[in-house]
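Visitor: Next come a sequence and a model predicted from it.
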Amino acid sequence: MKAIQLALPGGFENLRLVDLPEPAAPAAAEITVRLHASSLNYHDLLVVSQPRTAGGPLIPMADGAGVVTAIGAGVTEFAVGDAVVSCFFPEWQSGRDMPNTFATVPGDGIDGFARESVTLPASAFTHSPKGYSHAEAATLTTAGLTAWRALVVDGQIKAGDTVLVLGSGGVSILALQMAKSMGARVIATTSSAAKAERLRALGADAVIDYVVNPDWSVAVLDATGGRGADIVIEVGGPETLTQSIRACRVGGHIALIGVLTGFGGAVPTVELMTRQQKLQGLIVGSREQQRDMVRALEGFDWRPVIDRSMPLEDIAEAFAWQQAGRHFGKICLTW
């Protein structure tokens, strides 16, 4: 079967198209999935671009969507022909005993989904939303579930809330779409007039150019009558966190999701404390949460925004496009 492997020491130049044996037939409680799509996340970019000093070749990509082609004994949740999508933490089925490493994450601690077929425990997948293409479903494993958990599970969104999303990457766009479907008002930030128009077309009630308004938290307060956002989808990290705290209402929720601006920095603890805000770090979610999200998505009248789909063998070019920050929504690989 066709697959992509990342050879040591990592980097785009060490992504190689290879031919591997077909996976074994499914044992009890396992399924075989013919994969058709994946989507790029910042996590995947870090795995591929950062130097690796140990281990053998790694099949990258945390997201995988496809069709069940065989089932093992005892599998009742899936049937041959079902469209399925992978889970980011395949061993985190439910509950609060959540993982804190990437040891079991496909495309990081274990081989991922940049390949044509895979045999895994059935519990490593959920059904895809009915009517979704494989590329659309592949956006949900990481970005979709992250947005869902930030808004619904942790943020406890309700109609009438104001949600602030930063930028126009996959998590932010999906959070915008979900929040609007749940009756929230959405404020988005961007540095591009063209992207601002697209954000408004997706339903953003206000768009703030953070280049024109470097203290964009002030603009958020102006747009909310001084109150601030109820929920902030914080994907930037250290260089945006202070602004997010100031843009969030007293007692509001900040979902700390991304590290786009770095891995460490000062936190204005006094402002966070006096504003009595909840700063919640999160990494994707559980299989149970993914199943809940899929059921909800089937009732919404929109689909994930895909910036572009590219062939599996063009994976290095896809990552270069992502790294350049040119995308609006998700970049997908299809095969």
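Guide: Thanks, I have the structure now.

Visitor: rest of the way, CA atoms for contacts and neighbours
Guide: OK.

Visitor: For the stretch 1-150 of the chain, which segments count as helices?
Guide: Ranges of helices in the stretch 1-150 of the chain, per DSSP state H, counting those that start in this stretch, are 42-49, 134-138, 145-148.

Visitor: In the chain, which residue is most central in space?
Guide: Central residue of the chain (C-alpha atoms, centre = their mean): A143, 1.3 Å from the mean position.

Visitor: Tell me where the model's unsure across the stretch 101-250 of the chain.
Guide: Judged against pLDDT under 70, the stretch 101-250 of the chain has no low-scoring part.

Visitor: What is the neighbour count of R227?
Guide: As a burial measure, R227 scores 15 neighbours (other C-alpha atoms under 10 Å).

Visitor: would you turn the helices of the stretch 1-150 of the chain into CSV with mean neighbour count and distance to D205?
Guide: Compiled in CSV, the helices of the stretch 1-150 of the chain are given as follows (neighbours: other C-alpha atoms under 10 Å; distance: least, C-alpha to C-alpha, whole Å):
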stretch, mean neighbour count, distance to D205
helix 42-49, 18, 27
helix 134-138, 27, 25
helix 145-148, 28, 18
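
Visitor: Which of those helices sits closest to K330?
Guide: helix 134-138 (9.1 Å; C-alpha to C-alpha).

Visitor: Following the record's annotation, map out the domains of the chain.
Guide: According to automatic domain parsing, the chain comprises the domains 2-139+304-334, 144-281.

Visitor: Relative to V294, which of these is closest?
Guide: domain 2-139+304-334 (5.4 Å).

Visitor: Not counting sequence-adjacent ones, nearest residue to G251?
Guide: Q277 (4.4 Å; C-alpha to C-alpha, 6 or more residues apart in numbering).

Visitor: and that neighbour, what does it touch?
Guide: Residues near Q277 by C-alpha atoms under 8 Å, 6 or more residues apart in numbering: 245, 248-254.

Visitor: Show me which residues of stretch 236-255 are buried.
Guide: Within stretch 236-255, the residues that qualify as buried are 236-250, 252-255, counting by 16 or more other C-alpha atoms under 10 Å.

Visitor: returning to that earlier point: quick check on the residue nearest to G251: phi, psi?
Guide: Note on Q277: backbone dihedrals following degrees, to the nearest 10 are phi -90, psi 160.

Visitor: how far away is it from P57?
Guide: Q277 is 43 Å from P57, where distance means C-alpha to C-alpha, to the nearest Å.

Visitor: any idea of the pLDDT on T261?
Guide: For T261, the model assigns a pLDDT of 63.

Visitor: swap in the one 5 residues further on?
Guide: At A266 the predicted local confidence, pLDDT, stands at 75.

Visitor: That one: neighbour count?
Guide: By other C-alpha under 10 Å, neighbour count at A266 equals 9.

Visitor: Report the contact partners of it.
Guide: Taking C-alpha under 8 Å, 6+ apart as the test, what A266 contacts is P238.

Visitor: Provide the secondary structure category for it.
Guide: Following DSSP: H, G, I helix; E, B strand; the rest coil, A266 is assigned to coil.

Visitor: now it: how far from G237?
Guide: From A266 across to G237, the span is 10 Å (C-alpha to C-alpha).

Visitor: ok so, going back, between the helices of the stretch 1-150 of the chain, which gets nearest to P311?
Guide: helix 134-138 (11.4 Å).

Visitor: export the closest one as PDB, just CAs?
Guide: Output of helix 134-138 as PDB, limited to C-alpha atoms (Å, rounded to 0.1, in the frame of the first residue of the first chain):
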ATOM      1  CA  HIS A 134     -13.900  12.100   3.700                       C
ATOM      2  CA  ALA A 135     -11.900  15.400   3.600                       C
ATOM      3  CA  GLU A 136     -14.600  17.200   5.600                       C
ATOM      4  CA  ALA A 137     -14.700  14.400   8.200                       C
ATOM      5  CA  ALA A 138     -10.900  14.400   8.500                       C
END
